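*Asks:* here's my sequence, what's the structure:
(chains A and B, ligands or ions: 4)
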Amino acid sequence: MSVNQEAYITTDDEGYLVRLNKGFYEQAAVFSAAYKFMGGNIIKIFPVEDTMVGIHFKPKECGSIEKTKQDVNSFLNEAIDQQVRLYLEREFGHMRDVIVEHAFSQVKKKVDPLKQSLNILPFSFKRLSDSQMLLVNCVGEYVAIPKQDFGNLLNKSLDKSAPTYTLLKSKNFIAGQDLELAIEMLSTKMRTRKAFLKDFTSLHMVVLTGHCNCRCDYCHASSSDITNKHTYQNMSPQIADAAVNMIFESPSPEIKIEFQGGEPLINWDVLVQIVHHAKELNLKAKKQLEFVLCTNMALLDEKKIIFLKKEGVLISTSLDGPKSLHDLHRKMRDGSSGYDKFTENLALARHFMGRGAASPLLTITRDHLDKLPEVIDEYIRLGFKGIFLRALNPYGFAREEMASLGYPMEDFIEAYKKAFRYILERNLQGEYFSENYATLLLSRILTPFATGFMDLQSPAGAGISGAIYDYDGGVYPTDEGRMLARTGDKEFLLGNVLENSFEEVFGGHKLRSLTSKSCVEILPGCSSCAYQTYCGADPVRYYVETGDVVGFRPESEFCMKNMAIIDFLFGYLLENDERVMDVFWSWITRKPLEAIRS
Amino acid sequence: MKTLWGTPHDISSPVVAKVSRSYLSLWSNPTILASEEPHFGFGHTGLLTSSEVPPSKTEGKPCLTGIPYEELSELRDGDIVKLYPDGRALRIWEEGSHQNVVFVTEKCDCRCIMCPQPPNPDPQPSLWQENKQILSLVNPKTTTICFTGGEPTLELDQLKDLLSICKRRFPDAALSILTNGRRFADFEMTRQLVGIQNKHLLFCVSLDGDTEDVHDQIVGVGGSFGQVIRGLYNLTRFKQLVELRFVIMRQNFKRLPYYAEFVYRNLPFVSHVAFMGLEYTGDAAKNLHTIRIDPTEYAGLLREAVLHLHRRQINVSIYNVPKCLLPRDVWCFAQDSISSWKKSYVDACLPCQEKEHCCGVFTTSIVLSENIKPIGPIGRERSE
Ligand code: SF4
Ligand code: SF4
Ligand code: SF4
Ligand code: SF4
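*Replies:* Residues are numbered from 1 along each chain as shown, chains lettered A, B, ... in the order given. Ligands and ions are numbered 1, 2, ... in the order given. You can find the predicted model right below:
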């Protein structure tokens, strides 16, 4: 690459003007680089003089001139990086297509035997520091290399005897003479990573009722009262039958039926009916069938527990920390303490179903942010083996109450890091306890396998990995989709089990378009992000944020959170402390530390 | 392999037979009597004896005399020996041992710089008939049989035949094939081999590096690495059990941790990975100066590689490296791997606490590590 990276910055009353040499920077690079900074700035791009392009930055109302100044400096690096990406894209862009084709199509095109001694294979990259680059290839293998070697790589002057050369070759970032072998290896790995595509929808959530005996301040499902014998939001036996029939039309060899609400125990008879119906259909279908009940546990009793145990239904529940924190936003409609009922019935369930009877989910409100260690202690005290630290989502009641319950994503990220360090410390002291979001990301970073988590998939898991059947028979690609519907927006309604066929619901235009618009490989911002193989797309969340499923990464909280947490985890990975890695692997493999160490 | 020497009588060409220790042969197969007395017994086709004089009437039956008593007493009922005209008796099968091998061929399509048994340049007569004979003599209760060479896949018809025999005669035995893996790149050949459908068949494939540059330089044939990888893919297409073997030497020891990651990323389906210390014999002895490395030099990297795979739930072992040369936290991966007939201990081993569980050293190696030192009670062996 010939380099004339000259760039000039000048100030004016409104902000900054950057001028870049058109001989080096192509239009596409300038636009992609500017995209990243459009969250806090108003950016205009126009020609200046014959050889230069001008990029003008002006802070938005929410921003400040200091922030803009920082952004302008970062923009200069970003513009270079984007230009390098364009260059690399020309180098290996066609190769990416060949790999994808090798991985997924029956008829394989021959690779034209480019007998170069050094072929660069597809990867994305980011700056770790002034002297180090992080490279991630299209199947998630990463390597941190000195910036100088990166330059040599681009110039194809990387010395064969340099350790970096062998390292890059070992990890399929470059190939020697046998380019075809490298492509075969990459496409094999890609198939393994995207194995979730093959099976289609396996997670099926069934909303048994919209009613609840609780009235949590943040209820995403906007649950309604059950007193006065209101049952109009219960799923009818007829709809339940139709839903189960549709579920069994999914080609997936694994079927997980998750009972949701409201509080599904309110509609117990239909739950029992679905379990029986599904098992009966499965006599013929012979799929791996699993049931999960999402419940606040208050309505459990011995008889129900015995049924759940007998039929192999797992319990997923909610716990927001010690009593004061749990009862703070999780309010029983009858005024009693939800926490007391929870611990009582947890003991009962464990008595019949064993220690692992139920696993809880935590909802983090503003009141939890600086009390996460206490929450973690409570989880450990009650004998739970892990926790999922997730930020409050803007759905249902929570969307209305964001002002009192919510917090800026930056605050969540800080709290997350603190809590993570606390958990890690407990593990290093010998307590097995996992942070499950990190575990998911670490599995995506460190293993060659696919992970079954809908938000971290590309294309998004919405609809193609999971689907939800509302009590009225409406089918949505994600839980959030039906939560939106509850507050009036039916954008994501795919069809109804009573009126539509499986093909209409899952093969229809809506889901196709949603899926094709949710591939990180093509989303603006994501397509050049080093973390795209680890991250995913959350189209429904993007829709809530921007009114469009494509979303806008520079302002997306989903993106901000993932980027920050992945950065944070890479800090540990590159440090590569053996004791910490042992803990990470004990989480990934769900094995006690003793089994991970020798 | 254990070799006995005696004075030959009536041995004009090599003879393969099963050893019997009882005077009377009740076997339908040819047996050879091992006895202190110079007598053929009843029904035997030959004799191995410590007596200096041959039986009065040899009847033209092959016979070795004057075998040292202690040597002869090591032979057991069911062992299989091969007698040579020059007075050698090679024990080619040891009854009850788990280390028995069948040499399919001396030919090989690699030229590994550390080959302990370099391929013979003059083509030898095929071992096919002899191997069939061996398998027909072996105790049907045998639990392990290993096919090796040379490169067994170069004699595909023989190998298929032997595997078919095993399928009939030893349906439950654990079989393994030691191979350089190149020919498995041929999908059709792979299909034919696995098509025999042996119940327990393990393919032990050599892969000595994580890039073509490293591996091909070691095995001496360009393009091998690519063939092995494609071969491994083919074996997995048929869901076969695969063990990877990595021989540690000067040329590849720095790759150890990267190799571990390479295996996990590209070949996570393998059922076992074995890291192997060198046996300095054959070409390994010839190339001593270029390949030699003391285990203490790679112990740290080996530990990293082993723990890397172990964390990722991949079975891993260390073969042929004495425990005193390894960090304590990977001792549990070190196997007592050296075949009993070529394993030994040195003087330093005498007071060693771990002798019972240590592989010892190769009697066949022309050099030994200078760092062997006995292990004392826990916590005291490393005072430095
Ligand atoms: S228990 Fe669940 S469904 Fe009921 S109000 Fe609370 S969050 Fe909503
Ligand atoms: S959403 Fe994920 S992949 Fe997309 S830009 Fe953000 S961190 Fe990168
Ligand atoms: S070590 Fe094995 S593969 Fe290599 S030359 Fe010797 S017999 Fe052939
Ligand atoms: S001293 Fe001998 S027996 Fe002990 S570990 Fe070393 S080689 Fe093995």
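*Asks:* rest of the way, CA atoms for contacts and neighbours
*Replies:* Fine.
*Asks:* give me the residues contacting the helix or strand bottoming out on mean pLDDT in chain A.
*Replies:* Within chain A, no helix or strand scores below helix A:195-199, which has a mean of 74 by mean pLDDT, DSSP states H and E. Contacts with helix A:195-199, where a contact means Cα atoms under 8 Å, 6 or more residues apart in numbering or on different chains, come from A:251-253, A:449-452, A:464-465.
*Asks:* grab the nearest non-local neighbour of A:Leu168.
*Replies:* Of all residues not flanking A:Leu168 in the chain, A:Ile174 sits nearest, at 5.9 Å (Cα to Cα, 6 or more residues apart in numbering or on different chains).
*Asks:* hang on, I meant B:Gly223
*Replies:* What sits nearest to B:Gly223 in space, not counting adjacent residues and going by Cα to Cα, 6+ apart, is B:Asp216, at 6.7 Å.
*Asks:* burial measure for that neighbour, as a count.
*Replies:* Burial of B:Asp216 is recorded as 21 neighbouring residues (other Cα atoms under 10 Å in any protein chain shown).
*Asks:* separation between it and B:Arg111?
*Replies:* Distance, B:Asp216 to B:Arg111, using Cα to Cα, to the nearest Å: 10 Å.
*Asks:* just to revisit the earlier point, in its sheet, what does the helix or strand just after the least confident helix or strand of chain A sit against?
*Replies:* The helix or strand immediately downstream of helix A:195-199 is strand A:203-207, counting by DSSP states H and E. The sheet places strand A:203-207 alongside strand A:254-260 (parallel), strand A:466-469 (parallel), with pairing taken from DSSP bridges.
*Asks:* what about the helices in chain B?
*Replies:* Listed in chain order, the helices found in chain B under DSSP state H are B:69-72, B:128-137, B:156-169, B:187-194, B:212-219, B:224-237, B:256-266, B:283-286, B:288-291, B:295-311.
*Asks:* redo the ones you listed as a markdown table? Include distance to A:Ser501.
*Replies:* Shown next, in a markdown table, are those (distance: least, Cα to Cα, whole Å):
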| stretch | distance to A:Ser501 |
| --- | --- |
| helix B:69-72 | 81 |
| helix B:128-137 | 62 |
| helix B:156-169 | 51 |
| helix B:187-194 | 42 |
| helix B:212-219 | 53 |
| helix B:224-237 | 36 |
| helix B:256-266 | 41 |
| helix B:283-286 | 69 |
| helix B:288-291 | 68 |
| helix B:295-311 | 46 |
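*Asks:* okay if I get those helices as CSV plus distance to ligand 2 and mean pLDDT?
*Replies:* Converted to CSV, the helices of chain B look like this (distance: least, Cα to the nearest ligand atom, whole Å; pLDDT from 0 to 100):
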stretch, distance to ligand 2, mean pLDDT
helix B:69-72, 71, 90
helix B:128-137, 59, 95
helix B:156-169, 50, 97
helix B:187-194, 38, 97
helix B:212-219, 33, 96
helix B:224-237, 31, 97
helix B:256-266, 22, 98
helix B:283-286, 50, 96
helix B:288-291, 46, 96
helix B:295-311, 28, 97
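*Asks:* rebuild those as CSV, extending it with distance to ligand 4.
*Replies:* CSV is the format used below for the helices of chain B (distance: least, Cα to the nearest ligand atom, whole Å):
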stretch, distance to ligand 4
helix B:69-72, 24
helix B:128-137, 34
helix B:156-169, 36
helix B:187-194, 39
helix B:212-219, 27
helix B:224-237, 33
helix B:256-266, 22
helix B:283-286, 20
helix B:288-291, 20
helix B:295-311, 12
